[in-house]
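Enquirer: Build the 3D model from these lines:
(one chain, ligands or ions: 1)
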Amino acid sequence: EAGKSGYDHYMRKEINEQPRAIRNCLRGRLSEIDRAVSIDEIDDLERPERVQLISCGTSYHASLYAARLFRDRGIPASAFHASEYDADAIPIDDETLVIAVTQSGETADTLGALRDANRWGAETLAVTNVVGSSVSREADHAMYIRAGPEISVAATKTFASQQAALAMLSSALTGECSRGFVEDLRALPDQIQSILDRSRAEEVARDYIDSDAYFFIGRGYGAPVALEGALKMKEITYKHAEGFPAGELKHGPLALVSERTPVFAIISGASNQEKMIGNVEEVASRKAPVIAVTDSPAAVEHHVDDLLRIPETRPQLLPILANVQLQLVSYWVANQLGRSIDKPRNLAKSVTVE
Ligand code: G6P
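Expert: The predicted model follows:
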């Protein structure tokens, strides 16, 4: 109990620790003067021909995010569910960098996929929170996200730190980095703090507590966060929740949309805004309440029922901020429903069986 530092739940404490976690993750790795990212642990890694990311759960969502960043910077990259990695039989060679993304470093499926990659001759890298974990020992290289211990089963601060670490990694490996990017990374801790100080998530959770299901939509960098928003919601509230790229709405999920299914829409002011507003109108015309998580409230407020604001940032970093609002919404829904937030039924922090 003492470990909760006065909070009711570890999850709340860990959500609130995100500014510090990100600061730790960035420390000593950024230079504004020469606009560069340098990560000591991977000094000897060269720019790979291609990147594959292997992971499970929340770490998979961080991997989807990272794959997009690598692709944006000119390196072909894909994210795989670790449990499906061998089934996919994607060709790899020693020009392929396989990155195992895992908070614990002990997830059996991720470890299994890493062993396959090692056996198939790839260069391998662990991105993990736990120094000395199995994955960090078995990969050729290890980079630490430095989030500090995470007790709550549902991953929160480690997701933010994974994203920050992978954003830096993609920059370090491609050499693509602007002063603006470094400045925007550095701004993240204070921006997250301002979200934590002002979030309306508790009210939003109360307003929609009786819903049948919760949907989460986003495009581009917003799509993985939509998946993570839904995962968090189902893990700790036991409510039906689904996340998908907004363009997929009309290919199925729209059949479930009603006035009893709030839709959380992640909307960046700088990317895909018009298309997202189009998707918002699709669900609004089926009477679904829409809550925008956005850095451009003025452009979207007339189209939605509620706003969860985040500070303005570049689309590549928006997921790190938007996710904080979604974590808080899930937390407050679970709290108001009286769920076992830190230890949800049937789930474990680290899954060591395949
Ligand atoms: C479990 C946890 C999740 C986590 C996943 C992967 O399912 O409950 O929160 O995302 O494992 O864990 P890892 O330690 O590999 O990131």
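
Enquirer: Please work out which residues outside stretch 71-81 touch it.
Expert: If you take Cβ atoms under 8 Å, 6 or more residues apart in numbering as the criterion, stretch 71-81 is touched by 47-56, 60, 63-64, 66-68, 70, 88, 90, 109, 113, 170-171, 173-174, 176, 316. Placement of C-beta: from N, CA and C, glycine included.

Enquirer: again, 6 Å this time
Expert: In this structure, residues lying in contact with stretch 71-81 by Cβ atoms under 6 Å, 6 or more residues apart in numbering are 50-54, 60, 63-64, 67, 70, 88, 170, 174, 176.

Enquirer: Tell me, how many residues neighbour whichever residue of the stretch 1-150 of the chain sits closest to the ligand?
Expert: Going by Cβ to the nearest ligand atom, the ligand is nearest to G57 of the stretch 1-150 of the chain, at 2.7 Å. Using other Cβ atoms under 10 Å, G57 has 22 other residues around it.

Enquirer: Just give the closest residue to D44, not the sequence neighbours.
Expert: H141 (7.6 Å; Cβ to Cβ, 6 or more residues apart in numbering).

Enquirer: Quick check: beta-bridge partners of the one you found?
Expert: Judged by DSSP bridges, the bridge partners of H141 are L125.

Enquirer: give me the number of residues near it?
Expert: H141 has 18 neighbouring residues, counting by other Cβ under 10 Å.

Enquirer: How confident was the prediction at it?
Expert: With respect to pLDDT, H141 scores 97.

Enquirer: begin at 50 from here
Expert: Got it, the first residue is 50 from now on, which makes the last one we talked about H190.

Enquirer: Surely it touches L174?
Expert: Yes - H190 is in contact with L174 according to Cβ atoms under 6 Å; the separation is 4.5 Å.

Enquirer: intersection of neighbour lists for these two?
Expert: Residues touching both H190 and L174 (Cβ under 6 Å, 6+ apart): none.

Enquirer: Determine the next helix or strand in the C-terminal direction from the helix or strand hosting A136.
Expert: Assigned by DSSP states H and E, A136 falls within helix 134-137. Moving toward the C-terminus from helix 134-137, the first helix or strand encountered (DSSP H and E) is strand 145-151.

Enquirer: quick one, helices of the stretch 300-403 of the chain?
Expert: Remark: helices assigned in the stretch 300-403 of the chain by DSSP state H, counting those that start in this stretch are 322-333, 346-349, 367-385.

Enquirer: mind checking which of the ones you listed is nearest the ligand?
Expert: helix 367-385 (12.1 Å).

Enquirer: buried ones in the closest one?
Expert: Neighbour-count burial for helix 367-385, counted by 16 or more other Cβ atoms under 10 Å, picks out 367-384.

Enquirer: near the ligand, which residues of the stretch 150-299 of the chain show up?
Expert: Within the stretch 150-299 of the chain, the positions near the ligand by Cβ under 6 Å from any ligand atom are 151-153, 156, 159, 202-204.

Enquirer: Nearest to A131, out of the residues you listed: which one, please.
Expert: Set against A131, the nearest of these by Cβ to Cβ is T159 (4.3 Å).

Enquirer: For the closest one, give me its contacts.
Expert: Counted by Cβ under 6 Å, 6+ apart, T159 has contacts 103-105, 131, 149, 151.

Enquirer: can you tell me which helix or strand it belongs to?
Expert: Assigned by DSSP H and E, T159 belongs to helix 157-168.

Enquirer: what's the average pLDDT for that helix?
Expert: 97.

Enquirer: Show me what counts as buried in that helix.
Expert: 157-163, 165-166.

Enquirer: Repeat that for stretch 292-304.
Expert: For stretch 292-304, the neighbour count (16+ other Cβ under 10 Å) marks 292-295, 298, 302 as buried.

Enquirer: Setting aside sequence neighbours, what's the nearest residue to the residue nearest the centre of the chain?
Expert: The residue lying closest to the centre of the chain (Cα atoms, centre = their mean) is A111, at 4.5 Å. Nearest non-adjacent residue to A111, counting by Cβ to Cβ, 6+ apart: Q211, 3.8 Å away.

Enquirer: same for the strand or helix carrying the one you found, what does it pack against?
Expert: In this assignment (DSSP H and E), Q211 forms part of helix 206-223. Judged by 3 or more Cβ pairs under 6 Å, 6 or more residues apart in numbering; DSSP states H and E, the packing partners of helix 206-223 are helix 67-75, strand 85-86, helix 106-121.

Enquirer: Would you pull up how far the very next helix or strand once past that helix lies from the middle of the chain?
Expert: Downstream of helix 206-223, the first helix or strand assigned by DSSP H and E is helix 228-247. On the basis of Cα atoms, centre = their mean, to the nearest Å, helix 228-247 sits 16 Å off its chain's mean C-alpha point.

Enquirer: ditto for stretch 64-76
Expert: Computed by Cα atoms, centre = their mean, the chain-centroid distance of stretch 64-76 equals 14 Å.

Enquirer: Dump the C-alpha coordinates for that stretch into PDB.
Expert: C-alpha atoms of stretch 64-76 as PDB (Å, rounded to 0.1, in the frame of the first residue of the first chain):
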ATOM      1  CA  ILE A  64      -0.400   7.400 -15.300                       C
ATOM      2  CA  ASN A  65       0.700  10.400 -13.300                       C
ATOM      3  CA  GLU A  66       4.300   9.300 -13.400                       C
ATOM      4  CA  GLN A  67       4.500   9.700 -17.200                       C
ATOM      5  CA  PRO A  68       6.200  13.100 -17.300                       C
ATOM      6  CA  ARG A  69       9.000  11.700 -15.100                       C
ATOM      7  CA  ALA A  70       9.100   8.500 -17.100                       C
ATOM      8  CA  ILE A  71       9.500  10.300 -20.400                       C
ATOM      9  CA  ARG A  72      12.100  12.700 -18.900                       C
ATOM     10  CA  ASN A  73      14.200   9.600 -17.800                       C
ATOM     11  CA  CYS A  74      13.800   8.000 -21.200                       C
ATOM     12  CA  LEU A  75      15.000  11.100 -23.000                       C
ATOM     13  CA  ARG A  76      17.800  12.000 -20.600                       C
END
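
Enquirer: Good, wrapping up.
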